[in-house]
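Asks: Got a predicted structure plus its sequence, pasted below:
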Amino acid sequence: MIRVDIQGFGIIELHHFVTDFSGTLAVDGSLLSGIKERLNELSNHLTVHVITSDTFGKAREELQGITCRIQVIEGEHHTRQKENYVKSLGADVVAALGNGNNDTAMLKTARLGISVGMKEGCSVEALIASRVHVSSPFDAIDLLMHPKRLAATLRR
């Protein structure tokens, strides 16, 4: 669990980290170098979930060796499926990370929505739906592992 009391924002008590894969943890279907270790470090504090449309079909293979739950979404309404996944965990205890249009509802629903802009960019809708924007998943994990950084960004 990660807990932080943010002046003017309230208490954030997190139990889950839900993240997209493509464009968020990976570029062109390949996991970023070093992210495996960082996610495993985070998994000592939060349950890590990767929910993905798996655009490149490599997510399960790339995520081997990471302590996480993997959910590959199929069919239609990916945005709704991601939102429902966050709700099923209890949205108030979830930090979510994503960059695409299909991440907007989960970012908005989670207690802490974090958008990321890497090589794929970040959709304007995902940016608006989030509470914080970062330039890499490493920065997102650092916000969670060093809660005073999060407090400095969100306090009012």
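Replies: Right, received. Where do you want to start?

Asks: Neighbours of the nearest residue to G100 once chain neighbours are set aside, how many?
Replies: Distance criterion CB to CB, 6 or more residues apart in numbering; nearest residue to G100, sequence neighbours excluded, is S123 at 5.6 Å. Just so you know, the C-beta spots here come from the backbone N, C-alpha and C atoms, and that holds for glycine as well. Neighbourhood size, S123 [other CB atoms under 10 Å]: 19.

Asks: now swap in T19 and tell me
Replies: For T19, the count of nearby residues is 27 (other CB under 10 Å).

Asks: just checking, it touches H49?
Replies: Yes - counting by CB atoms under 8 Å, T19 touches H49, with 7.1 Å between them.

Asks: Report the buried residues of the top helix by length along the chain.
Replies: If you go by DSSP state H, the chain has its longest helix at helix 78-89. In terms of neighbour count (16 or more other CB atoms under 10 Å), helix 78-89 has its buried residues at H78, T79, Q81, K82, E83, Y85, V86, L89.

Asks: Thought V116 was touching S135, still the case?
Replies: Yes - taking contacts as CB under 8 Å, S135 lies within contact range of V116: 7.1 Å.
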